[in-house]
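Student: For reference, the sequence and a predicted model appear below.
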Amino acid sequence: MAYKEQALIRLEGITKEFNGTIAVQDMNLEVQEGEFLCFLGPSGCGKTTTLRMIAGLERPTRGEIYLRGQRITDWPPQRRNIGFMFQNYALFQHMSVYDNLAFGLRVRRVPPAEIERRVRAVAQALELETVLNLRASRLDLSTMQRVALARILVIEPQVLLLDEPLNNFRPGLRELMRAELKRWQYQFGRTMVYVTHDQEEALTLGDRVVVMNAGRIEQVGTPDEVYWRPATLFVASFIGRPPMNLISVEYRISEGHALLSSLDFELRVDERRGIIEASRSLPHLILGIRPEQLQISDPQAPSPGDLVRIPVKVDLIRPLGRKLILDLKTRSGLLIQMVTPSTRRFTVGDDLEIVFHPHQALLFDPQTGQGLY
């Protein structure tokens with residue numbers, strides 16, 4: 001990772017309750033200097049509440065917040081030097097772009113010459129020089145976003161908090177602005193904490209991703225880690241389009257070998273025996289396999305003998321640009337989804353055999369929901 005391994009923000013045992021309802025529960029987290037950290041999760045999971053506690057807009061019910069090692073739990077927002085970019089940008093519509101950028105500096109009683117220098121420098125960096133004299137009400141969405149970001153950058157905050165700032169954009173422009181946002185982060189070298197419910201946004205923007213569910217952290221990791229090694233069943237099912245295939249299997253020992261069996265296939269897991277046998281749920285486990293890890297067996301080509309083979313019938317075909325999503329039914333009636341290039345041709349009702357490598361299969365404890373690694 002490009003950022004320095006120094007904790008800029010530290011949350012210790014943070015809990016937030018609203019009228020007896022727990023919005024965030026016992027959160028422990030470090031935000032590193034210079035990183036782009038994304039909070040990801042469904043609506044109501046506590047993402048925005050956490051962001052507002054870091055900003056000082058909400059006070060934790062319990063727990064402590066530290067900035068560069070200094071306790072700031074009780075500090076008001078203006079003392080924290082943290083920039084907050086809201087979903088609706090919160091610009092002063094009757095003011096010019098210049099006055100919007102200068103407002104925070106004037107409140108801080110920054111000298112006029114310094115205000116002029118900072119506003120001009122940030123406007124040049126974000127290509128806003130030509131609109132400085134326009135009213136904010138006359139701007140398009142992408143320019144509004146740049147103005148909102150510039151207004152934060154001009155006060156030179158230690159960290160930028162962004163609460164779903166791209167929600168108002170149409171899909172094509174949203175993808176363009178994602179790239180711009182990442183480029184700006186590299187350019188200014190600021191720490192950014194970003195809230196989104198869009199997994200594609202989190203996986204493409206974040207150096208690390210915090211996956212939340214029902215007020216708790218399910219996993220913190222790089223985009224690759226949360227996608228390919230999900231810590232829990234929730235992460236496995238929440239991240240991925242289409243989501244991971246989760247299949248009930250049973251563990252047994254036969255002729256000295258450790259096996260996982262379903263109604264449609266069987267695989268040997270001798271090398272994972274110790275981890276599996278620590279599960280509380282034996283003999284029942286959940287096997288996970290990503291749709292893109294499945295392949296269609298080619299009877300004409302030689303293949304390793306340890307591949308897991310599953311006879312299936314094509315139930316539904318969903319074209320998606322360069323790829324197809326296939327819904328496949330096994331002989332037992334289990335639905336499995338796979339992704340394949342759109343150059344292949346299929347018909348509903350086709351009989352196929354799909355395969356995957358046993359080492360690609362992930363295992364989860366169905367009682368605790370924890371991954372078995």
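Tutor: On my side now, so go ahead.
Student: Hmm, Ser297 is touching Met338, no?
Tutor: No - using C-beta atoms under 8 Å, Ser297 is not in contact with Met338, being 12.0 Å away. For glycine as for every other residue, the C-beta is placed from the backbone atoms N, C-alpha and C.
Student: got any residues that touch both of those two?
Tutor: Ile354 (C-beta atoms under 8 Å, 6 or more residues apart in numbering).
Student: more neighbours, the two?
Tutor: Met338 (23 against 15; other C-beta atoms under 10 Å).
Student: Now do the host helix or strand of that one: which elements does it pack against?
Tutor: Here Met338 sits within strand 335-341, counting by DSSP states H and E. Under the contact criterion of 3 or more C-beta pairs under 8 Å, 6 or more residues apart in numbering; DSSP states H and E, strand 335-341 touches strand 245-254, strand 308-320, strand 323-330.
Student: Can you list the low-confidence ranges for the stretch 151-300 of the chain?
Tutor: 300 (pLDDT under 70).
Student: Would you map the strands across it?
Tutor: 159-163, 191-196, 208-213, 216-221, 245-254, 257-261, 266-268, 284-289, 295-296 (DSSP state E, counting those that start in this stretch).
Student: Of all the residues in the fifth one, which ones are buried?
Tutor: In this case it means strand 245-254. By 16 or more other C-beta atoms under 10 Å, the buried positions in strand 245-254 come out as 245, 247, 249, 251.
Student: now what about that strand, what contacts it?
Tutor: 233, 236-237, 258-262, 269, 276-277, 279, 282-291, 294, 334, 336-337, 364, 366.
Student: and it with strand 323-330, angle?
Tutor: Counting by axes from the mean of the first three to the mean of the last three C-alpha atoms, to 10 degrees, strand 245-254 lies at 40 degrees to strand 323-330.
Student: and strand 245-254 with strand 308-320, angle?
Tutor: Going by the same axes, to 10 degrees, strand 245-254 makes 180 degrees with strand 308-320.
Student: end-to-end on stretch 160-173?
Tutor: By C-alpha to C-alpha, to the nearest Å, the extent of stretch 160-173 from end to end equals 22 Å.
Student: returning to what we had before: could you dump the strands of the stretch 151-300 of the chain into a markdown table with distance to Gln145 added?
Tutor: A markdown table is the format used below for the strands of the stretch 151-300 of the chain (distance: least, C-beta to C-beta, whole Å):
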| stretch | distance to Gln145 |
| --- | --- |
| strand 159-163 | 10 |
| strand 191-196 | 13 |
| strand 208-213 | 22 |
| strand 216-221 | 27 |
| strand 245-254 | 38 |
| strand 257-261 | 49 |
| strand 266-268 | 49 |
| strand 284-289 | 37 |
| strand 295-296 | 42 |
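Student: Show me what counts as buried in stretch 264-273.
Tutor: Buried residues in stretch 264-273 (16+ other C-beta under 10 Å): 264-265, 267, 269, 272.
Student: just stretch 196-210 next, same as before
Tutor: 196-199, 201-203, 205-210.
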